[in-house]
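1. predicted model follows, preceded by the sequence.
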Amino acid sequence: MLSTFAHAEQWVEVNDDSGAPIPNLRIPTELDPFSLPGVLWIGPTAPDVTLFEFADYNCPVCKQSSIHLDALVRSVQGLRLGLVQNPILSAPSREAARIAMLTLRLAGPAQAYALHQRLFAMRGVVDGARATNAARELGVDTTKADAEMIKQADDALAAQETLANAIGFAVTPSYVLNGIGMFGHPGPKSLARMIEAVKTCDSLVCP
């Protein structure tokens, strides 16, 4: 199993928006992200295609990808987006991810997605305190979470981190689409092409 981005090659020959090859690998069935707890789901419950993003709130590229993904899920019919935490850049990243998890449990996906977008729109380091304040501005007081809710959020975050590590997602953002793990952001045009290919021929690239 590949463990780092540097070792990843191409299982499928796909390029990013600049024409550069996108490192990718086929994900073993035991590492299927569909079974993850605490995924923030955006889009239809009966989708044609599901795209997972593994991201860190302090990742500069993730800030751009969040804008691209929001536009895609709004414009591509039948697309469901699963947002997964992979806070690998710093301790503050993990603090912010934890608040995002608590917000999802306290207030549901709509408020959690609003917080998700706010955190990526912030300048400077995003940490637990700033995430807590942002959630409070949305009407969600994460300090009121009870012990069981905190445990559920912590367990879900740990499960997401463990899966990202097992796949080898040592770069953010990374993606899973149709059983293929992709390292780095392909860009909106490339993602749209691959999503359409999955809808058409059940592969990232149609013959």
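-> Great, that's in hand.
2. now the helix or strand harbouring Leu25, how far from the centre of its chain.
-> Using DSSP states H and E, Leu25 falls within strand 24-26. Remark: strand 24-26 is offset 17 Å from the chain centroid, using CA atoms, centre = their mean, to the nearest Å.
3. given the following helix or strand past that strand, what are its sheet partners and their directions?
-> Later in the chain than strand 24-26, the nearest helix or strand by DSSP H and E is strand 40-42. Looking at strand 40-42 with DSSP bridges, its partner strands are strand 79-85 (antiparallel).
4. what's in contact with the strand it pairs with?
-> 33-34, 36, 38-45, 47-56, 69, 72-73, 97, 100-101, 113, 116, 157, 160-161, 163-164, 195 (CB atoms under 8 Å, 6 or more residues apart in numbering). Bear in mind the C-beta positions are built from the backbone N, C-alpha and C, glycine included.
5. related to what we said a few turns ago, tell me the buried residues in the strand holding Leu25?
-> 24-25 (16 or more other CB atoms under 10 Å).
6. from now on call the first residue 42
-> Got it, first residue is 42 now, which makes that one strand 65-67.
7. what about the strands in this protein?
-> 65-67, 81-83, 90-96, 120-126, 215-218, 221-224 (DSSP state E).
8. pull the contacting residues for the residue most central in space within the chain.
-> For the chain, Glu94 is the residue whose C-alpha lies nearest the centre (CA atoms, centre = their mean; 2.7 Å). By CB under 8 Å, 6+ apart, Glu94 lies in contact with 106, 110, 122-125, 214-216.
9. relative to Asp57, how far out is Arg67?
-> 19 Å (CB to CB, to the nearest Å).
10. likewise Pro214?
-> Taken as CB to CB, the span from Pro214 to Asp57 is 12 Å.
11. what touches both of the two?
-> 225-226.
12. give me the more crowded residue out of those two.
-> Pro214 (27 against 16; other CB atoms under 10 Å).
13. isn't that one right next to Cys103, touching?
-> Yes: the criterion here is CB atoms under 8 Å, and Pro214 meets it with Cys103 at 4.9 Å.
14. what do the two both touch?
-> In terms of CB under 8 Å, 6+ apart, Pro214 and Cys103 are both contacted by the residues 96-97, 226.
15. quick one: which of those is most hemmed in?
-> In terms of neighbours by other CB under 10 Å, the shared contacts of Pro214 and Cys103 top out with Ala96 at 29 neighbours.
16. quick check: bridge partners of that residue?
-> Note on Ala96: beta-bridge partners by DSSP bridges are Gln126.
17. ok, it to Asp182 distance?
-> Applying CB to CB to Ala96 and Asp182 gives a distance of 25 Å.
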